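1. Provided below for reference: sequence and predicted model.
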Amino acid sequence: FDVLGVKLALGRGFLADEDRVPNLRPVVVLGHGLWERRLNADPAIVGREITLNGHAFTVVGVAPPEFIGTYGGLLTELWVPMMMQPLLAGDRLNERGNHWMTALGRLNPGVSRNQAQAELNLLAKQLAAAHPNTNAGTSILLYPLWRAPGGAAKAMGPVLLVLGVVVSLVLLIACANVANLLLGRALDRRREIAIRLAMGASRGRLARQLLTEGLLLSVAGGLAGVLVARWSANLLMAFLPPVDMPLRLALDVDWRVLAFTMTIALASGVLFGLAPAFQGTRSDVVTALKEELGTSTGGRRKARLRNALVAAQVALSVILLVGAALFLQSMRNAQRLDPGFETRRVLLASMDLFAHGYTEETGRQFQQQLIARG
């Protein structure tokens, strides 16, 4: 907790001497959600004992509500020192060939990533020399947290990229639709605009008025989107597939989400409101009257922009429809995939043998006995 800079809601983190001798000082830091759900948010919980896997652990702290662990999207309910691992999940501390640990660290001030990697390379060589059977040819690589192999951040990268592309296409379709509506509204007001120009109003002032109207519409749409997002956050969580690990996604609408939404709304309003504002202020009295009588070709020229916006909407919509169809077809193919055995009346179960004192050798023996009985 000290390395990550996490300030606990209650109590303290782990001390150095609590993580030196296996099973000597069983202590635990509780997650804020677990503390609220299972212990009724007891403010005097620090110093008391709870039972984990049949062993008594002393509660020394409670994590803050915003800290859910170091794996993005996965909710960690409690933390114990590494030396307490044999009490909870079997003795893996002496299994050198079992790579189950992930180390997190923070670079000291003035230390570059290359310098830290050089020290890790030296450490890897020392381990290989001391334990050639398990560490020969093994390296220690330093990654930023968001690029760590097997990390949730890296695993979610492609998913977030595809989601970002889809959201961008939907935004472009909506913006093209709004721009078309604004352009149509500006064309409907061309007589009014032409008269105001004849009475001395500047084109810049009229363009700013039309652009302001578009910005107000964009801001209203952005605020409505924030309200819908806040309302539908829990609904989105209901569509998540069931998994063994508890999930926790940060879907709260905070000031950062609001600022990003308003920035996108304002940028979209400016970008897609310029064309209607520019087209709407190009008219004069004579042209406006001719278009009212149908004797001018200016309306046909302005209609080209509207047709282009409609074509862009159709093109982007087709892209989204094709992508959705391919996704549904992939899901359908996955459901029809033949695994090579009969899936009906088959129960899938998992067991943590290490948590019950099995070693790697006795675990293999248990597996063979289970297969033989099946």
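-> On my side now, so go ahead.
2. Helices of the protein, start to end?
-> For the chain, the helices defined by DSSP state H cover 32-39, 85-89, 113-130, 132-135, 152-188, 190-198, 203-237, 255-280, 285-293, 298-335, 360-373.
3. Which of the ones you listed comes out lowest on mean pLDDT?
-> Across those, helix 285-293 has the smallest mean pLDDT, namely a mean of 56.
4. Dump the helices of the chain into JSON lines; add distance to Val59 and mean neighbour count as well.
-> All C-beta spots, glycine's among them, are computed from the backbone N, C-alpha and C. JSON lines is the format used below for those (distance: least, C-beta to C-beta, whole Å; neighbours: other C-beta atoms under 10 Å):
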{"stretch": "helix 32-39", "distance to Val59": "9", "mean neighbour count": "16"}
{"stretch": "helix 85-89", "distance to Val59": "15", "mean neighbour count": "17"}
{"stretch": "helix 113-130", "distance to Val59": "34", "mean neighbour count": "13"}
{"stretch": "helix 132-135", "distance to Val59": "36", "mean neighbour count": "12"}
{"stretch": "helix 152-188", "distance to Val59": "27", "mean neighbour count": "16"}
{"stretch": "helix 190-198", "distance to Val59": "71", "mean neighbour count": "18"}
{"stretch": "helix 203-237", "distance to Val59": "29", "mean neighbour count": "15"}
{"stretch": "helix 255-280", "distance to Val59": "33", "mean neighbour count": "17"}
{"stretch": "helix 285-293", "distance to Val59": "78", "mean neighbour count": "15"}
{"stretch": "helix 298-335", "distance to Val59": "44", "mean neighbour count": "13"}
{"stretch": "helix 360-373", "distance to Val59": "32", "mean neighbour count": "11"}
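5. Nearest to Thr58, out of those?
-> helix 85-89 (12.6 Å; C-beta to C-beta).
6. helices and strands around the closest one, which ones?
-> If you count contacts as 3 or more C-beta pairs under 8 Å, 6 or more residues apart in numbering; DSSP states H and E, helix 85-89 packs onto no helix or strand.
7. Look up how far Leu120 lies from the nearest residue to Leu171 once chain neighbours are set aside.
-> Spatial nearest neighbour of Leu171, excluding adjacent residues (C-beta to C-beta, 6 or more residues apart in numbering): Ser268 at 6.9 Å. In this view, Ser268 and Leu120 are 46 Å apart by C-beta to C-beta, to the nearest Å.
8. repeat for Phe272
-> For Phe272, the distance to Leu120 - C-beta to C-beta - is 51 Å.
9. same check, this time on Pro81
-> 23 Å.
10. same check, this time on Arg92
-> Distance from Arg92 to Leu120, counting by C-beta to C-beta: 22 Å.
11. Can you give me the first-to-last residue distance of stretch 340-350?
-> 20 Å (C-alpha to C-alpha, to the nearest Å).
12. neighbouring strands for the lengthiest strand in the chain, and are they parallel or not?
-> When the chain is parsed with DSSP state E, its longest strand is strand 55-62. For strand 55-62, the pairing partners within the sheet under DSSP bridges are strand 10-11 (antiparallel), strand 27-30 (parallel), strand 49-52 (antiparallel).
13. Switch the helices of the chain over to JSON lines; also include distance to Gly47.
-> Converted to JSON lines, the helices of the chain look like this (distance: least, C-beta to C-beta, whole Å):
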{"stretch": "helix 32-39", "distance to Gly47": "13"}
{"stretch": "helix 85-89", "distance to Gly47": "19"}
{"stretch": "helix 113-130", "distance to Gly47": "38"}
{"stretch": "helix 132-135", "distance to Gly47": "40"}
{"stretch": "helix 152-188", "distance to Gly47": "34"}
{"stretch": "helix 190-198", "distance to Gly47": "75"}
{"stretch": "helix 203-237", "distance to Gly47": "35"}
{"stretch": "helix 255-280", "distance to Gly47": "37"}
{"stretch": "helix 285-293", "distance to Gly47": "82"}
{"stretch": "helix 298-335", "distance to Gly47": "51"}
{"stretch": "helix 360-373", "distance to Gly47": "37"}
